[in-house]
Structure formats: C-alpha cells, structure tokens
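**Q** got a sequence here, can you build the structure:
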Amino acid sequence: EKLLATPKIHAGDLLGPLVDYLTLMVRVQDDYGRARKTLDRFAKRPDLWRHLRSDVEQWSRALQELAPYRDRTPDLASARALIDRARELETVPADRAGWVHYLAASSLLQRFLALPPPTTRDAAEAYYLLGLCETHVGDRQWVSQAGLYLESAIRLAPKEPFAAEAYLLLEEDTLVGYTGSGGPNLPDSVAKHLEELRALVDH
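**A** Numbering: from 1, shown residues only. Sure thing, here's the model as predicted:
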C-alpha cells in the first residue's frame, strides 16, 4: 500500500504490485473494503492514463458489488455467473475491466475445491473454470498455474464438453509459454504430453 502511494514511482511501473496486492486482498485476506480504499486512492493519482483510471474505478465498483460472495457457500453456478459477468465487461480481448470478477471467481472456486466437491464431474468443471480464470489473472512472467488446473479437468472428466475447451486453452497457454523472438520452440516431451491429453479428449 505504501508502494502504491509513492508519487516518485510512475503508475505504469506499479501495475505488477497492484495486481499482486489485489490478488492478496481478494484470494487470501478477503478484505474487499480495504482493497477498495487503496484503489480509490490510486485512482486519484495524476499519472494514470484514461484507460487505466477507468479500469481501477471499475475494479473498485466490482469489489463493492462482489463483497457478498465472500459469505456464500461456494458453488459452480456462482462461479459461472462471475465469469459470464467478466466477459460482459470486456469490450476487447486485452480489456482488463473484468479482472476482479475473474479473481473473485477463482477465489470462490478454490474454496469449492477445498470442501471437497460432491462429484468428480463437479471437481473437473471447477478445475476447468479455475484454469479459465487463471489465463486472465495469472502471472505469465512465471510458470502458469492455468496448465495444472486445465490438465486436472481433462484427466478427471475427459468426455465432458468442457474437457475439449480445457484442452484448447491448455494448448494455447502452453504454446504461448514456449514462444519467443525465434518463434515456437516446443520441447518434444511437452508436445508428447499435449498429444496424450488430446487423445483422452478425442477418444
């Protein structure tokens, strides 16, 4: 919070800490009120460009709207609703307006998986939805957790419709992770692993 309030550091250099802070507040602390106060202060910084200010203000509104979800018994229907709302808020692929909704959905899904879920199929869908959220909120500078969640969904329920969608997301996430300035450089072992998972879905 002190870092985010430091005027000598440009707002453009604080996006990483801001994302980490919100992840901590929503997923770990469940302190939406404190996070809102921090966002509202951050939104008043003079070095925010228009789009970023709009995103920060939207995140603050989302935290107020989603606070009741903290006290609900976690279920898949609520997670789906949060993800659908996140998609509605996104006007372009790179839009961050739905970011807090994805984050809240992932928090709910992690609590759902800790219960544990009533059926294997429910657990599989929860992992699929969690992987979907992670492709939006995960740190792509490090090893993505999205792949682990999506693979779990495929292995638990390979014949469910969401397993095919999970594979498509997993394949894209993996290929992007191995693509650099020289193009894709997928190790043979990783390619073989993807083929194994695709076979589970296709057969």
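**Q** in this structure, which spans are helices?
**A** Counting by DSSP state H, one finds helices in the chain at the ranges 15-23, 32-43, 50-66, 76-89, 99-113, 120-137, 146-156, 161-177, 188-202.
**Q** output the lowest mean pLDDT helix or strand found in this protein.
**A** Each helix and strand of the chain was given a mean pLDDT (mean pLDDT, DSSP states H and E); the minimum falls on strand 183-184 at a mean of 63.
**Q** and for the closest residue in space to residue 138 that isn't next to it in sequence, the neighbour number?
**A** Nearest non-adjacent residue to residue 138, counting by Cβ to Cβ, 6 or more residues apart in numbering: residue 144, 5.0 Å away. Every residue, glycine included, has its C-beta placed from N, CA and C. Residues within reach of residue 144, counting by other Cβ atoms under 10 Å, total 20.
**Q** from residue 163, how far out is residue 203?
**A** Distance of residue 203 to residue 163, computed by Cβ to Cβ, to the nearest Å: 12 Å.
**Q** those two: which is more packed in?
**A** residue 163 (21 against 7).
**Q** so the more buried one touches residue 125, yeah?
**A** No. Shown here, residue 163 and residue 125 do not form a contact pair, counting by Cβ atoms under 8 Å, at 9.4 Å.
**Q** any common contacting residues for the two?
**A** Both residue 163 and residue 125 are contacted by 153, 157, under the criterion Cβ atoms under 8 Å, 6 or more residues apart in numbering.
**Q** quick one: low-confidence parts of the chain?
**A** The model of the chain has pLDDT under 70 over residues 93, 139-143, 180-184.
**Q** and with 90 instead?
**A** 27-30, 67-72, 90-97, 116, 136-145, 173-187, 203 (pLDDT under 90).
**Q** show the contacting residues for the spatially closest residue to residue 40 that is not a sequence neighbour.
**A** Nearest residue to residue 40, sequence neighbours excluded (Cβ to Cβ, 6+ apart): residue 60, at 5.6 Å. Residues near residue 60 by Cβ under 8 Å, 6+ apart: 36, 39, 40, 43.
**Q** deepest of the helices of the chain, which one?
**A** helix 99-113 (a mean of 24; mean count of other Cβ atoms under 10 Å).
**Q** export that one as CSV, just CAs?
**A** Taking C-alpha atoms only, helix 99-113 is exported to CSV below (Å, rounded to 0.1, in the frame of the first residue of the first chain):
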residue,chain,number,x,y,z
TRP,A,99,-10.2,-8.7,-14.0
VAL,A,100,-11.6,-8.5,-10.4
HIS,A,101,-14.6,-10.7,-11.4
TYR,A,102,-12.2,-13.4,-12.6
LEU,A,103,-10.2,-13.0,-9.4
ALA,A,104,-13.3,-13.4,-7.3
ALA,A,105,-14.4,-16.4,-9.3
SER,A,106,-11.1,-18.1,-8.8
SER,A,107,-11.2,-17.5,-5.0
LEU,A,108,-14.7,-19.0,-4.9
LEU,A,109,-13.6,-22.0,-7.0
GLN,A,110,-10.6,-22.7,-4.7
ARG,A,111,-12.9,-22.7,-1.7
PHE,A,112,-15.3,-25.0,-3.6
LEU,A,113,-12.5,-27.5,-4.3
